[in-house]
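Engineer: model the following, please.
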Amino acid sequence: MGKIEFISAGGIVVNKKKQIVLVRNLKGYWGFPKGHIEEGEDELTAAKREIYEESGVKKLKLINDIGALKHLKPSKIDNSTVKTEKYIKMFLFRGKKKKLKPIDPDNPEAKWFYLNDAIKTLKHQEDKNFFLKIKKEFLE
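Structural biologist: Okay, here's the model as predicted:
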């Protein structure tokens with residue numbers, strides 16, 4: 001396999017109560033704050049910006065680089081739909097902000113969830129699997 005190029009970055013933000021931030025998109029799906037890496041940004045800068053835009057958490061302390069989250073996304077190629085792999089560079093942060101206030105209109109809601117509630121709330125199986133792996137390594 002060739003070089004993986006990350007076009008998205010995001011993170012898991014945890015507080016002292018061992019709660020994490022999840023964000024809800026316009027379709028009603030809950031997930032981790034993440035999004036496209038803009039020109040001139042590195043992955044960490046993009047992750048911090050996306051977390052701020054989607055949750056309102058600005059003061060973040062980096063705990064660790066936690067690898068890549070892989071999503072299979074439907075894409076149109078030659079008039080047919082195929083699943084393509086999208087890699088999201090993920091980081092683990094500590095954050096304190098109590099009241100979450102997203103500024104991104106595409107992700108109008110953000111909440112703190114306890115770990116077990118977060119697993120039940122996540123929409124995509126890839127997110128759940130990734131979180132279960134990270135939870136064992138970093139959050140227990």
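
Engineer: return stretch 81-100 as CSV; C-alpha atoms alone will do.
Structural biologist: The C-alpha trace of stretch 81-100 is given here as CSV (Å, rounded to 0.1, in the frame of the first residue of the first chain):
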residue,chain,number,x,y,z
THR,A,81,-21.1,4.1,-6.4
VAL,A,82,-18.1,2.5,-4.8
LYS,A,83,-16.8,2.6,-1.2
THR,A,84,-13.6,4.6,-0.8
GLU,A,85,-11.4,4.7,2.3
LYS,A,86,-11.1,8.0,4.1
TYR,A,87,-8.4,8.4,6.8
ILE,A,88,-8.9,10.8,9.7
LYS,A,89,-5.8,11.7,11.7
MET,A,90,-6.9,11.6,15.4
PHE,A,91,-5.5,13.1,18.6
LEU,A,92,-6.4,12.7,22.2
PHE,A,93,-6.8,16.0,24.2
ARG,A,94,-7.8,17.1,27.6
GLY,A,95,-10.3,19.9,27.8
LYS,A,96,-12.1,21.7,30.6
LYS,A,97,-14.9,23.8,29.0
LYS,A,98,-18.2,23.0,30.7
LYS,A,99,-20.7,24.6,28.4
LEU,A,100,-20.2,23.5,24.8
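
Engineer: pull out the buried positions in that stretch.
Structural biologist: Within stretch 81-100, the residues scored as buried using 16 or more other C-beta atoms under 10 Å are Lys86, Tyr87, Ile88, Lys89, Met90, Phe91, Leu92, Phe93, Gly95, Lys97, Leu100. Backbone N, C-alpha and C define where each C-beta goes, glycine included.

Engineer: can you give me the helices for this structure?
Structural biologist: 43-55, 115-121, 125-134 (DSSP state H).

Engineer: returning to that earlier point: keep only those of the buried residues of stretch 81-100 that are in strands.
Structural biologist: Judged by DSSP state E, those include Lys86, Tyr87, Ile88, Lys89, Met90, Phe91, Leu92, Phe93, Gly95 as members of strands.

Engineer: much appreciated, bye for now.
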